[in-house]
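1. sequence and computational prediction follow.
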Amino acid sequence: MLYSMTNTLASLDLTNNKIGDLGAQHLADALRYNTTLTTLYLDSNQIGHVGAQHLAVAIQHNTTLTSIVLMNTGIGDVGAQHLADALQHNTSLTTLDFYHNKIGHVGAQHLADALQHNTTLITLRLNSNQIGAVGAQHLANRLQHNTSITELELQWNQIGDVGAQHLADALRYNTTLTILDLEANKIGDVGAQHLADAIRYNKKLTILSLLNNEIEDVGAQDFADALRHNTTLTSLDLSKTEMGEVGAEHLADALRYNATLTILNIWNNEIGDVGAQHLADTLRHNTSLTTLHLWNNEIGHVGAQHLGNALRYNTTLTTLDLTENGIGDVGAQHLADALQHNT
């Protein structure tokens, strides 16, 4: 048992070990008394809501565990409720990972209610949990007043434009959230507008991902307008969002004035040579962007030439990704020529 066999073990990884609720009970019993373990991985073990309940009881008493990963453990909304109840009393846990557990909007509500009382949880990962717009609303309502959560991951949750609006409303009041990941949530240009309006004035968020959402050029324009005012966002991911050359133009124009964004991911879009030209023109003037991912954007040798010319003058970009763009030998030559001048 953890409490009798060791006084030094700090991290225990039991990922994919065919552990069920009985094994979870044994581990939970040990955690009630163990004072050294800080990280526990139970990914891909079907502990279910019964196992979650055992762990929840332990978490109420344990004062050293800071991170618990329960990805794909079949806990459901009932298990989420048990753990949420424990969080109202726990004062040490800082990271909770619930990836792929089908907790739904009911489970999201239980966790949201816990955030009203818990003041130590920093990172909450609820990716692929079918929480929908209703679940997003519950979380957003609590985030307006929560002062501890700094990272919230909600990938693959089908929150849509309505859920995005709820989260945007929270961003207007929240003063601690720095990372928000909304990848693959069926957010369109309407949801993008709400989020963009929120970050125009938000002073804390530094990383925002809308990867694999259908915001298109209209949504890209909204974010471009926001970047003209925002002074804290350092990383923006609009990859795979059906953006074309028009969206790239809006972003490029905004980057002429924005002095804080360092990472821009817009891979797997359709900006083409024209979009690449707009970005290249901006790179001649922008002094903050360090990373630009443009892979699979239908950029040919003409776009590569524009980017190459810009690199002759740019002194801050350290990473440029042009994977799968078909720039050919001519495009490679333009970039090679630029490398002789870029230092």
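-> Structure's in. What do you need?
2. counting contacts, what elements does the longest helix anywhere in the chain pack onto?
-> If you go by DSSP state H, the chain has its longest helix at helix 48-61. Other helices and strands packing on helix 48-61, by 3 or more Cβ pairs under 8 Å, 6 or more residues apart in numbering; DSSP states H and E, are helix 21-31, helix 76-87. (Glycine included, C-beta is placed from N, CA and C.)
3. kindly format the C-alpha coordinates of the shortest one as CSV.
-> Extracted in CSV, the C-alpha atoms of helix 21-31 (Å, rounded to 0.1, in the frame of the first residue of the first chain):
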residue,chain,number,x,y,z
ASP,A,21,-13.5,0.0,-9.3
LEU,A,22,-12.0,-2.5,-6.8
GLY,A,23,-8.5,-1.4,-7.7
ALA,A,24,-9.5,2.2,-7.5
GLN,A,25,-10.8,1.5,-4.0
HIS,A,26,-7.5,0.1,-2.8
LEU,A,27,-5.7,3.1,-4.3
ALA,A,28,-8.2,5.5,-2.7
ASP,A,29,-7.7,3.9,0.7
ALA,A,30,-4.0,4.5,0.4
LEU,A,31,-4.4,8.1,-0.6
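4. buried stuff in the helix or strand following that helix?
-> With elements assigned by DSSP states H and E, the helix or strand that comes after helix 21-31 is strand 39-41. Buried residues in strand 39-41, defined by neighbour count with 16 or more other Cβ atoms under 10 Å: 40-41.
5. how about residues contacting strand 39-41?
-> For strand 39-41, the surrounding residues in contact (Cβ atoms under 8 Å, 6 or more residues apart in numbering) are 10-15, 27, 31, 65-69.
6. among the residues you listed, which are in helices?
-> Mapping the contacts of strand 39-41 onto helices (DSSP H) picks out 27, 31.
7. got a ChimeraX select line for the buried ones in the contacts of strand 39-41?
-> Per 16+ other Cβ under 10 Å, the buried members of these correspond to this ChimeraX selection:
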select :12,14,27,31,65,66,67,68,69
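8. and the contacts of strand 39-41 as a markdown table, adding pLDDT and distance to L126?
-> Converted to a markdown table, the contacts of strand 39-41 look like this (pLDDT from 0 to 100; distance: Cβ to Cβ, whole Å):
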| residue | pLDDT | distance to L126 |
| --- | --- | --- |
| A10 | 97 | 26 |
| S11 | 98 | 23 |
| L12 | 98 | 23 |
| D13 | 99 | 21 |
| L14 | 99 | 21 |
| T15 | 98 | 19 |
| L27 | 98 | 23 |
| L31 | 96 | 22 |
| L65 | 98 | 19 |
| T66 | 98 | 18 |
| S67 | 98 | 15 |
| I68 | 98 | 14 |
| V69 | 98 | 13 |
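9. from the contacts of strand 39-41, which is closest to L83?
-> I68 (8.7 Å; Cβ to Cβ).
10. for that closest one, which residues are in contact?
-> Contact analysis of I68 by Cβ under 8 Å, 6+ apart lists 39-40, 42, 55, 59, 93, 95-97.
11. that concludes my questions; thank you for your assistance.
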